[in-house]
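# with the sequence up front, the predicted model follows.
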2 protein chains.
Amino acid sequence: MGRRSDHSREELEALILDAGQNLMAQVGFAHFSAREVAKRIGYSVGTIMHLFSSVDHLVLAINSRTFLLWTAWLEERLSGVSGNDRIYALVQGYFDFAAHHHNLWSAIYEHRLPADMAMPDAHNELRGCLMTLVEQEIAAVLPHVEQDEVARLARSLVASVHGHCAFALSGSFALLGEDAPLDLAMQRVIDTLRAQGAPSF
Amino acid sequence: MGRRSDHSREELEALILDAGQNLMAQVGFAHFSAREVAKRIGYSVGTIMHLFSSVDHLVLAINSRTFLLWTAWLEERLSGVSGNDRIYALVQGYFDFAAHHHNLWSAIYEHRLPADMAMPDAHNELRGCLMTLVEQEIAAVLPHVEQDEVARLARSLVASVHGHCAFALSGSFALLGEDAPLDLAMQRVIDTLRAQGAPSF
DNA sequence: TTATAAATTGCACAACGTTCAATTATTCTG
DNA sequence: CAGAATAATTGAACGTTGTGCAATTTATAA
């Protein structure tokens, strides 16, 4: 008991987040448990509570990490792609990540912050990187649109694609007889880009 | 113990669903509890398990009821409205319901069916009524589009609006500095209707 | 060396979903 | 109408969960 020398505070936090994200990927948000995370790293639950204060803070941190993974995933999908294909790569990458990391992706949206708990700025900025990435791509396709409007469009298009992705992964689309959610999402994006006067869509 | 005469099976199910939906509205999916429902109606948890088999089935039934509420809400918002305004009423009604019944609405999407549990047909049909309603409105605005395509468009537009609504209620839009999610959603719907050649949008 | 501070634990608590034998109420049968 | 069969309902148990806290161990400072 009490073996501070094994890991520094930062190392221990990383250890917990690694194990936590693995557990989340394996069992999903509904069956996630701080106790199980503790068991997996050989520490007691109290240590996790000491470092993260509550299971909500831990899940928040895990989900922010997932955003990081997600952004990297999208950047890789964009590398080497040019022109309008970058928009396709972006939408498809969005769907692919969710499909390949179903539990991690869903956890982001299944977790609701307690009413008395605000999103820490650091986490918000981390998560915002994904939106920045999308803004850049939208701006490239709509060179005549001013930046504020690009930002609004990016938010809106992400929301639209998110809706399609959520319905796809939850099974709602399947229950409605829809078998090509990605095509649907892509069409909606094209509708909007054309409405904004995108040159070649 | 054992007082079968108090309520018939159907009455008791309705009693549980009423109390369950009230509890869900008050505390949200994360703090919903079958035990608390039992306490509120003066029965034991065992009785609820006997009638609904598991808390997942109970939540499923509550959420299907919410779909019913939601559909009725939309129909009321549509009554007396004509022309293109019906599309506006529909999108706004979607947002309004979610805002006025945040916990009920969110519970629909926070609840994931266990992997070994399928959506019962009866519930799927119930929930499908909302989509049918939307299909009718889309068909009215796009008279030249054939029915299968209308159905696909309806699914897609609902997904898009859902994405905007989800980001609005979760606070994601606020964190991104977006303060008019409804306008955003409405614009995306118009983009698509115009792309489909809607006469007057 | 001793005092102070920080980390870590183990235990307790209340609540959860689920299971099940026991009990009570109803219905069926002869 | 009595007695057997059936169905409903309960209460208690079990293994979880998140959280709080006093006690203990380790590291640091004086």
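Done, it's in. Numbers count the residues shown, from 1 in each chain, chains lettered A, B, ... in the order given.
# skipping its backbone neighbours, what lies nearest the residue of chain A found nearest chain B in space?
Nearest residue of chain A to chain B: residue A:163, at 2.6 Å (C-beta to the nearest C-beta). Bear in mind the C-beta positions are built from the backbone N, C-alpha and C, glycine included. The shortest distance from residue A:163 to any non-neighbouring residue, by C-beta to C-beta, 6 or more residues apart in numbering or on different chains, is to residue B:163 (2.6 Å).
# that older thread, which of the residues in the strand or helix carrying the residue of chain A closest to chain B are buried?
Residue A:163 belongs to helix A:147-170 when elements are defined using DSSP states H and E. Across helix A:147-170, burial judged by 16 or more other C-beta atoms under 10 Å in any protein chain shown covers A:150-170.
# tell me what it is packed against?
helix A:85-100, helix A:102-110, helix A:121-141, helix A:172-175, helix A:181-195, helix B:147-170, helix B:181-195 (3 or more C-beta pairs under 8 Å, 6 or more residues apart in numbering or on different chains; DSSP states H and E).
# could you chop chain A up by domain?
Domain ranges of chain A: A:1-52, A:56-195, per automatic domain parsing.
# could you see whether chain B lies near the shortest one?
The one in question is domain A:1-52. Yes. Domain A:1-52 lies within reach of chain B by C-beta under 8 Å from any C-beta of the partner chain, at A:28, A:30.
# mean confidence score for that domain?
Averaged across domain A:1-52, the pLDDT comes to 90.
# find the closest residue to DNA strand C in chain A.
Nearest residue of chain A to DNA strand C (C-beta to the nearest atom of the strand) works out as residue A:46 at 2.4 Å.
# which ones are touching the closest residue to residue A:134 other than its chain neighbours?
Nearest non-adjacent residue to residue A:134, counting by C-beta to C-beta, 6+ apart: residue A:154, 4.6 Å away. By C-beta atoms under 8 Å, 6 or more residues apart in numbering or on different chains, residue A:154 lies in contact with A:131, A:134, A:135, A:138.
# please tell me how far the residue nearest in space to the middle of chain A sits from residue A:199.
Among the residues of chain A, the one closest to the centroid is residue A:67, at 3.8 Å (C-alpha atoms, centre = their mean). Going from residue A:67 to residue A:199 by C-beta to C-beta, to the nearest Å gives 31 Å.
# who touches residue A:124 in this structure?
Residues in contact with residue A:124, defined by C-beta under 8 Å, 6+ apart, are residue B:175.
# just residue A:92 next, same as before
Applying C-beta under 8 Å, 6+ apart to residue A:92 gives the contacts A:77, A:182, A:186.
# mind redoing it with 7 Å?
residue A:182 (C-beta atoms under 7 Å, 6 or more residues apart in numbering or on different chains).
# what pLDDT does it get?
pLDDT, residue A:92: 98.
# could you check which helix or strand contains the residue of chain A closest to DNA strand C?
Counting by DSSP H and E, residue A:46 is part of helix A:45-52.
# is that helix anywhere near DNA strand D?
Yes. Helix A:45-52 is in contact with DNA strand D by C-beta under 7 Å from any atom of the strand, via A:45, A:46, A:49.
# mind listing residues that contact stretch A:172-191?
The contact list for stretch A:172-191 (C-beta under 7 Å, 6+ apart) reads A:87-88, A:91-92, A:95, A:157, A:160-161, A:164, A:167-168, A:201, B:119, B:124, B:131, B:152, B:155-156, B:160, B:188, B:191-192, B:195.
# and stretch A:103-122, by the same measure?
With C-beta under 7 Å, 6+ apart as the contact definition, stretch A:103-122 has outside contacts at A:21, A:24-25, A:28-29, A:56, A:59, A:63, A:66, A:97-98, A:166, A:169, B:30, B:106, B:110, B:112, B:175.
# low-confidence bits of chain A, can you list those?
Applying pLDDT under 70 to chain A flags the ranges A:1-5.
# now the end-to-end length of stretch A:27-46.
Counting by C-alpha to C-alpha, to the nearest Å, you get 22 Å between the two ends of stretch A:27-46.
# flag every buried residue along it.
Within stretch A:27-46, the residues scored as buried using 16+ other C-beta under 10 Å are A:28, A:29, A:32, A:34, A:37, A:38, A:41, A:43.
# host element of the last one?
The one in question is residue A:43. Using DSSP H and E, residue A:43 maps to neither a helix nor a strand.
# what does it show for phi and psi?
Phi and psi for residue A:43, reported as degrees, to the nearest 10, are phi -110, psi 170.
# quick one: it from residue A:11, how far?
For residue A:43, the distance to residue A:11 (C-beta to C-beta) stands at 12 Å.
# how about the second one?
As for residue A:29, its distance to residue A:11 is 26 Å (criterion: C-beta to C-beta).
# now the fifth one
Counting by C-beta to C-beta, the gap between residue A:37 and residue A:11 amounts to 15 Å.
# what's the burial count for the spatially closest residue to residue A:104 that is not a sequence neighbour?
Excluding the flanking residues, the one nearest residue A:104 by C-beta to C-beta, 6+ apart is residue A:66, at 4.7 Å. For residue A:66, the number of neighbouring residues by other C-beta atoms under 10 Å in any protein chain shown comes to 22.
# okay, buried residues for the helix or strand residue A:66 falls within please.
Applying DSSP H and E as the criterion places residue A:66 in helix A:55-78. For helix A:55-78, a neighbour-count test (16+ other C-beta under 10 Å) marks A:55, A:57-67, A:70-71, A:73-74, A:77-78 as buried.
# can it be found next to DNA strand C?
No. If you take C-beta under 7 Å from any atom of the strand as the test, helix A:55-78 misses DNA strand C, and the best it gets is 12.8 Å.
# elements contacting that helix?
helix A:9-27, helix A:45-52, helix A:85-100, helix A:102-110, helix A:121-141 (3 or more C-beta pairs under 7 Å, 6 or more residues apart in numbering or on different chains; DSSP states H and E).
# what residues of the longest one count as buried?
Read that as helix A:121-141. A:123, A:126-131, A:133-135, A:137-139, A:141.
# quick check: chain neighbours aside, which residue is closest to residue A:21?
Spatial nearest neighbour of residue A:21, excluding adjacent residues (C-beta to C-beta, 6+ apart): residue A:62 at 5.1 Å.
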